[in-house]
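Participant: Below is the sequence, then the predicted model.
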Amino acid sequence: MTAGTTARQWPAPAPAAAEHGGFWRAVLAEWTKFRSVRGLVIGTVVAALAMLLVGLFAAGSARFTCPGGPGFPTKTGAACLPRIPRGPGGQAVTDSFYFVHQPLAANGSITAAVTSLTGVHAAGNGQTGAGPGGAGPLAGMTKGIVGWAKAGIIIKTSTSQGTAYAAMMATGGHGVRMQYDFTQDIAGLAGQVSPSAPRWLRLTRSGDTITGYDSADGSRWARVGTVRLTGLPATVQAGLFVTSPVETQTTSSFGGTTSNGGPSQATGIFGHVSLSGAAPGKAWAGANIGAGRGSPGTGVGGFHQAGGAITVTGSGDIAPVVAGPTSYFPTATIEDHLVGTFAGLIAMAVIAAMFITTEYRRGLIRLTLAATPRRGEVLAAKAVVVGAVTFAAGLAASVIAVVAGPRLSRDMGLYVLPVSLPTGLRVIAGTAALLAVAAVFALALGTVLRRSAVAVTAAIVLLVLPYILGVASVLPAGPAEWLLRVTPAAAFAIQQSVPAYHQVSGPYGPPVYFPLGPWSGFAVLCGWTALALGLATYLLRRRDA
Amino acid sequence: MSQATGLMQADASSQRHARRAGSRAALRAEASAMRDALAAEWVKLRTLPGSPWLLLAVVVTTVAVSAAASAATRCPAGVPCTADPARVCLSGIYLGQAVVAILGVLIVSGEYSTGMISVTLAALPRRTTVLTAKAVIVTGLTLAAGTVAVGGSLLAGAMILPGHGFTSAGGFPDLSLAGGTVLRAAAGSVLYLGLIGLLAVGAAAAFREAAAAIGTVLGLLYLFPVIAALAASRIWQRHLQQVGPMTAGLEIQATRNLHSLVISPWAGLGVLAAWAAGALIAGGLLLRLRDA
C-alpha cells in the first residue's frame, strides 16, 4: 500500500471519535474566530509587549552609585555590585560574625555556657543601613540587644564565607536556637540569657552528622537537633561566635517604602568552654569573618580571655539575604522584572471578556450555538483557546523579562537575588499560567454578566485591587494579608522567588512576600475560576442566547 | 460721496448688528440644542434598568469598603501610628471609582453596542454637544452618588474610628466637616469621583468598545501605584505617583503627614483633571472625525 492510497482510503470516523472530534472542531472554530478578529490579535501582542516593557522599565529606571574609596571617583552601575557569598543551597547569604576558632581534625565536640548577651543598636534615626560613618562606628547608637543577635558555638567547614555550618546559639529575644546552612532553624530552650540563667550549648560531630544539645545547668542535656552537612571535610573549624544583624523598621505608604534602623553589635560572655578532639597545642584564634566595606555590621569585633571566661564582640549576621528595602545593599528579585504582569493581565482580561461578550453583541452567539448545540462545549472551547493564547503570550513575555531583566538590573548596580533553576522555571511558567487562568476567569465572568464593562471591571478589581490595597498600606497589615489569601490576587504568590524566613527579620509583606505559598495561592485563583466557569456553564445552558 | 460713505458706514454697522443678532440667535440655538441633548441623555439613562443599580452600587461599595477598613484599623495609644483617619474611612473610593468608571463608559459605549449612536447623532448632529451632554449627566449623577457615598463613609468612620484610638487627644483630626483638612478630603473625594466619571466618558468616546475603554481607565488608575511600588528608582517611584491619576488624585484625602505627600492635594486633583480633560478632548476629536 502506498502513501497515496492511504490518503484516499481515509477511514470514516467512529461515532465516539466523532463526538471527540466535535469538541476539537469547536476549539478550531473558536481559534479561527480569535485569530481573524484583528482587535483580539493586536490586543494580545500589546498585552505581551506592555508586560515586557513595564517590567524592564521598572528595573532599569535607576542607576545606582556608590563611593569609590579614598582618592577614587564615585562608581556607578555594575561596578557597585557587592560581592555576596552564596550558601550551600546556592542562595545569597550574609556571613559576617566574629569567630573564635580552632581546627577540629576529626570527630569531637565543643561545649560552652553563654552567661551574658548584651549589645548596642542604631537608634532608628533614619539611617538606612549604610555602615555608620563619621565619628566612630558606634556614634549615635543606643544600648539594647536586637531580637536576632546571636552568641553561641559553631562547627563550620572553613573560615570562608558561605561554607556549610551548624551552630547552637543563644539569641537576643528568641531563646536558644540550632541553625545550620543559613536557612534552617530549630528552636531550643526559651528565655533570655543572664548570669543567673546561663545557657549551656554543645555540638558534637560524628562524620557528616552534627548534633546540637542545650542545657540550663550543664548536667541535664536535651537534644535540639541532628543535622547532616554533606561533604564536610575531615578538618573543620569549631569555636565560639557572636554576631548581631541590621535591625530595621519598615513603613510603607503608597508605593514608597522607608526604612529606619541600621547595624547593631553584640557582646557575649562564654564560660566552661571545652573542645574535645582538637589538635594538640593549638590556641584559640580570632577572625572577624566578612568584616570590611560592604558588610552589614559595624565592623567592630574581637575577643579576650580572662579568668576562664571568653568575651566575644561581633556584628553582622549568619543568615540568608532577604529581599526588600531593609537589605543593606540594593537588591532586586527576578519577579521584580515581572511587574508588567499587571499590565498584561488587564489587557488579557479585556480580550478574554470581549471574546464572549462581542458574540452576544453581534448576535454571533446564536450561530455559534446552532453549530455546536452543546453549550458547555462552546464555553470549554473558548476557554481552551483564550487560555492557550494567553499562556503562550505570557510565557514569551515572562521568559524575556526574567532572562533579560536581571542582566539590566545588574548593569544598573542592583544585586539580583539568585534562585535555583526549578524556582526560576516555576516563576516563569507560573506567571504564564496565572495570566492564562485569569483570562479564563474573565471569560467566565463575561459569560455570566454578558456586559463586557462589568465583567472586565469585576476581573480587574478582584485580581489587582487587593494587591494595591496591600502595597499602598491603605489597609492595616492584617486585613490586607487576609485579602491576599481569599481573593484571586493570592495567585501572585506564584511569582515569589525568595522565601520568607522566620529567623530573619524582614519586610514580609507585599509587594515581595505573600501570605500563601506559591501553589496554594495559585490554587485560590483556580478555585475562583472553576466556580465562575461552573456558573457560566449553568447560565449558558439555562438562558436564552 | 459723503452720503455714500455714510451709507456704507450704516451698512457696515447694520451688518455688525445683524451678525451680533445672528450670533445671539446661534447661541440661543446652541443652548436649546444643549438643552435637548441633556434632556435626551437624561431620558436614555433614566429609562435604562441598569442605571439606578449602578448608582446604588457606587454608594454601597464605597460605604461598605470604607466601613470595613475603619472597623479593621486600630491605633492603640502609645504605639506610633502613621494611619490617616480620613484616608482610612474614605478608602472605599478605591472600589467605588471602578463602578463610577463603568457608569461613565456605559453611557457612551452602550450606544455603540446597540447601534443607538446612529439615531442619537442623526437627531443631534453636533457631536460635541452630544458628548458634552453625556459628560454633564455623568458628572451630575456621580457627584450626587459620590456625595452620599462619601457622607456615609465619613459618618461610619466618625462612629467607628474614635473608639479605635483615633481621638483628637491622640493628635488625630476630628472626622467632622468643620475641620479644614477633613472638609477638603471629603469634598475632594466627591470631586475625584466626578472626574473619574469624566475620564471614563472620554475614554469610552475614544475607544467606543466598552471592554477596551474600561480596561484603559482601570489600567490608568491601578497600574501606576503597582509599578511605583516595584520601580527600582526612588525618583521614578515619586514621579509615577505624581502623574498617576489615582495616586495623585487621592492625595486630596490626606489630613496628616502633609509634608510627605508626593504632590500637594489640590495639585493632585489637578493631575486627575488633566487626565480627564485629555480623555474628553481625545474622545471628542475622535467622535467628530470618525464615522459612528
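Facilitator: Yep, that arrived.
Participant: Spit out the contact partners of A:Arg228.
Facilitator: Applying Cβ atoms under 8 Å, 6 or more residues apart in numbering or on different chains to A:Arg228 gives the contacts A:208-210. For glycine as for every other residue, the C-beta is placed from the backbone atoms N, C-alpha and C.
Participant: From those, keep the buried residues only.
Facilitator: A:Ile210 (16 or more other Cβ atoms under 10 Å in any protein chain shown).
Participant: Ignoring the adjacent residues along the chain, who's closest to the residue of the stretch 51-200 of chain B found nearest chain A?
Facilitator: Residue of the stretch 51-200 of chain B nearest chain A, by Cβ to the nearest Cβ: B:Ala72 (4.2 Å). Nearest residue to B:Ala72, sequence neighbours excluded (Cβ to Cβ, 6 or more residues apart in numbering or on different chains): A:Pro479, at 4.2 Å.
Participant: so where does the one you found fall, helix or strand?
Facilitator: For A:Pro479, the element it lies in under DSSP states H and E is helix A:477-486.
Participant: Let me see the contact set for the residue nearest to B:Met246 when sequence neighbours are not counted.
Facilitator: In space, and not counting its chain neighbours, B:Met246 is closest to B:Leu221: 4.3 Å by Cβ to Cβ, 6+ apart. Taking Cβ under 8 Å, 6+ apart, we find B:Leu221 in contact with B:97-98, B:101, B:196, B:244-246.
Participant: Can you lay out the residues you listed as TSV showing pLDDT and neighbour count?
Facilitator: As requested, these are exported to TSV (pLDDT from 0 to 100; neighbours: other Cβ atoms under 10 Å in any protein chain shown):
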residue	pLDDT	neighbour count
B:Gln97	95	31
B:Ala98	95	26
B:Ala101	95	28
B:Ile196	96	31
B:Gly244	93	28
B:Pro245	95	26
B:Met246	94	27
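Participant: just checking, which of those residues belong to strands?
Facilitator: With strands taken from DSSP state E, there is no overlap with the contacts of B:Leu221.
Participant: Contact partners for the residue positioned nearest the centre of chain B?
Facilitator: By Cα atoms, centre = their mean, the mean C-alpha position of chain B lies nearest to B:Leu195, the distance being 1.5 Å. Shown in contact with B:Leu195 (Cβ under 8 Å, 6+ apart): B:249, B:269, B:272-273, B:275-276.
Participant: Now do the same for it: its pLDDT.
Facilitator: At B:Leu195, the pLDDT value in this model is 96.
Participant: what's the answer for A:Thr5, then?
Facilitator: 44.
Participant: Tell me where the model's unsure across the chain.
Facilitator: Picking chain A for this. A:1-21, A:69, A:123-139, A:248-261, A:281, A:293-294, A:324-328, A:472-473 (pLDDT under 70).
Participant: My question was about chain B, not that one.
Facilitator: B:1-22, B:77-80, B:169-171, B:292.
Participant: Tell me how many other residues surround whichever residue of it sits closest to chain A.
Facilitator: Closest contact between chain B and chain A, by Cβ to the nearest Cβ, is at B:Ser233 (3.0 Å). Number of residues near B:Ser233 (other Cβ atoms under 10 Å in any protein chain shown) recorded here: 18.
Participant: Let's see which of the contacts of A:Arg228 end up in helices.
Facilitator: Of these, none are assigned to helices by DSSP state H.
Participant: Look up the closest residue to B:Ala282, ignoring the ones flanking it.
Facilitator: B:Ala206 (4.9 Å).
Participant: Please disregard the earlier target; I meant A:Val416.
Facilitator: A:Pro406 (4.2 Å).
Participant: Could you list which residues are in contact with A:His174?
Facilitator: Here A:His174 is in contact with A:147-148, A:187, A:503 (Cβ under 8 Å, 6+ apart).
Participant: Sorry, slip of the keys, the one I care about is A:Val176.
Facilitator: A:168-170, A:187-190, A:199, A:201, A:214, A:224.
Participant: What distance do you get for it to A:Asp214?
Facilitator: As for A:Val176, its distance to A:Asp214 is 5 Å (criterion: Cβ to Cβ, to the nearest Å).
Participant: Please enumerate the shared neighbours of those two.
Facilitator: A:168, A:188-189, A:199, A:201, A:224.
Participant: among the residues you listed, which two are most distant?
Facilitator: Distances among the shared contacts of A:Val176 and A:Asp214 were taken as Cβ to Cβ; the most separated pair is A:Arg199 and A:Val224, at 11.3 Å.
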